[in-house]
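Colleague: Okay, here's the prediction I keep looking at, along with the sequence it came from:
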Amino acid sequence: MPLITVIPGDGIGPEVTEQALALLDGLGLDLSFDVLDHVNAGTFLATGCALSDDDLARIRRSDGALLGAIGDARVAGTRYARDVLLRLRFELDLYANYRPAQLLHDRLSPLRDPDRRAIDCVIVRENTEGLYTDIGGALRPGSTAEVAIDTEVSTHLGVSRVIDFALASATRAVCMVDKSNAVPNGGRLWQQCWLDATAARPDLATSHLYVDVAAMRLLSDPTAFDVIVTNNSYGDILSDLAAELAGGLGTSASVNLNPQTGFGLYEPVHGSAPDIAGTDTANPIGAILSAALLLERVGHPAEAAAVRTAVRMAVAEVRCTADLGGRLGTKAAGEAIRAALH
């Protein structure tokens with residue numbers, strides 16, 4: 001029986017996670033859950049540690065983890081989020097961030113041309129290197145002479161394995177995105193790994209775009225893309241853009257994955273949204289679609305497909321939260337999806 005760790009987290013995290021768990025429970029599958037509801041900002045403020053070694057050991061023993069959100073305005077700086085999110089990514093080596101973007105309903109697209117609205121692509125983002133490794137520092141901080149340095153890190157191992165994963169994930173085409181015309185050293189490594197990997201996949205259409213051109217192309221015709229693979233920071237930005245083209249961050253799901261071990265950290269992309277926490281207005285779709293990704297990975301692809309169909313039905317019937325044009329609260333929107341599922 002697969003064991004799933006659940007980390008509801010902060011802000012709206014517990015609210016949307018509750019709806020995802022209710023849906024998973026209703027499917028009657030052979031899943032068990034280990035809920036770590038103490039991994040949150042309250043614990044960090046009280047003890048200085050949000051994710052203990054024991055917590056990490058429990059997560060390691062599971063087959064995957066479902067995360068609500070991490071972030072609290074009471075906590076200054078980035079240490080808390082890094083101690084939870086980056087510790088999980090680095091210690092579990094969750095090097096591939098997989099973010100699908102599929103338009104749930106035509107009315108949700110911000111694009112004028114109906115022939116180019118139907119985005120259905122995946123952003124594969126390298127998840128453990130790049131600019132987010134916290135390598136750098138500051139000289140004379142707080143003064144008018146301050147010098148701040150953040151170092152972008154790319155390794156042959158990190159780049160080649162995420163490109164390999166992207167190629168394995170594609171059905172028709174992969175586009176590699178970089179800025180090698182302006183970032184020559186990392187760009188050279190990405191280009192070489194890309195050429196080496198694509199030589200072994202003549203069955204796929206492969207292409208390369210600079211990141212600024214890729215952003216423009218996503219806006220002008222998102223239907224042109226199947227899978228995009230890129231580094232940590234570019235993937236962060238492009239995947240948020242793709243999410244907006246698919247209906248907004250409230251609908252966006254993701255998994256931080258180690259394809260070799262099969263372990264994944266599944267989470268909605270929207271963050272903790274403390275301004276609406278406790279108001280029953282958060283959109284649960286991102287969490288529910290993250291649960292669908294989890295189902296797929298633990299051996300229940302038919303149920304995952306059924307969940308996605310139920311989400312689309314509820315959205316089409318405008319049985320959803322206000323950000324998608326509906327009038328339902330978080331709980332009622334979750335109930336509407338479960339009703340469509342059954």
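Modeller: Cool, the structure landed. Everything numeric in this text was worked out from a predicted model, so none of it was measured.

Colleague: how many neighbours does Pro114 have?
Modeller: 9 (other Cβ atoms under 10 Å). Backbone N, C-alpha and C define where each C-beta goes, glycine included.

Colleague: tell me which residues in the helix or strand of the chain with the lowest mean pLDDT are buried?
Modeller: Counting by mean pLDDT, DSSP states H and E, the weakest-scoring helix or strand in the chain turns out to be helix 79-81, with a mean of 89. When burial is assessed from 16 or more other Cβ atoms under 10 Å, helix 79-81 yields the following buried residues: 80-81.

Colleague: Contacts only, for the residue lying closest to Asp10 once chain neighbours are set aside.
Modeller: Distances taken as Cβ to Cβ, 6 or more residues apart in numbering place Ser272 nearest to Asp10, at 4.3 Å, with adjacent residues excluded. Applying Cβ atoms under 8 Å, 6 or more residues apart in numbering, we find Ser272 in contact with 9-13, 68-72.

Colleague: for the helix or strand encompassing Glu18, packing partners?
Modeller: Assigned by DSSP states H and E, Glu18 belongs to helix 13-26. Contact here means 3 or more Cβ pairs under 8 Å, 6 or more residues apart in numbering; DSSP states H and E; on that basis helix 13-26 packs against strand 3-9, strand 64-69, helix 285-297, helix 330-341.

Colleague: buried residues in the last one?
Modeller: Read it as helix 330-341. 330, 332-338, 340-341.

Colleague: Reformat the residues you listed as CSV; add distance to Ala205.
Modeller: Output for the buried residues of helix 330-341, formatted as CSV (distance: Cβ to Cβ, whole Å):
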residue, distance to Ala205
Thr330, 41
Ala332, 43
Ala333, 38
Gly334, 39
Glu335, 42
Ala336, 39
Ile337, 35
Arg338, 39
Ala340, 35
Leu341, 35
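
Colleague: any idea which of those is the one closest to Pro2?
Modeller: Closest approach between the buried residues of helix 330-341 and Pro2, by Cβ to Cβ: Leu341, at 19.7 Å.

Colleague: pretty sure the closest one contacts Val307?
Modeller: Yes. When contacts are counted by Cβ atoms under 8 Å, Leu341 is listed as touching Val307 (6.5 Å).

Colleague: what do the two both touch?
Modeller: What both Leu341 and Val307 touch, as defined by Cβ under 8 Å, 6+ apart, is the set Leu23.

Colleague: about what we covered before: elements contacting the helix or strand following the least confident helix or strand of the chain?
Modeller: Once the chain leaves helix 79-81, the next helix or strand it forms, by DSSP H and E, is helix 87-91. Applying 3+ Cβ pairs under 8 Å, 6+ apart, we find helix 87-91 packed against helix 53-61.

Colleague: Please identify the buried residues of the helix it packs on?
Modeller: 55, 58-59.

Colleague: what secondary structure does the residue nearest the centre of the chain sit in?
Modeller: The structure's the chain has its C-alpha centroid closest to Ser254; by Cα atoms, centre = their mean the separation is 2.9 Å. Here Ser254 is strand, with the state taken from DSSP: H, G, I helix; E, B strand; the rest coil.

Colleague: which stretches of the protein form strands?
Modeller: Secondary structure of the chain (DSSP state E): strands located at 3-9, 32-35, 64-69, 96-102, 120-126, 136-139, 147-150, 173-178, 205-210, 227-230, 253-257, 264-268.

Colleague: now for the first one, which elements pack on it?
Modeller: Spelled out, it's strand 3-9. For strand 3-9, where contacts count as 3+ Cβ pairs under 8 Å, 6+ apart, the packed elements are helix 13-26, strand 32-35, helix 53-61, strand 64-69.

Colleague: Residues touching the helix holding Glu18, excluding its own?
Modeller: Helix 13-26 has contacts (Cβ under 8 Å, 6+ apart) with 6-9, 31, 33, 37, 66-70, 268, 272, 277-278, 280, 282-284, 286-288, 290-291, 295, 307, 330-331, 333-334, 337-338, 341-342.

Colleague: Fine by me, we can end here.
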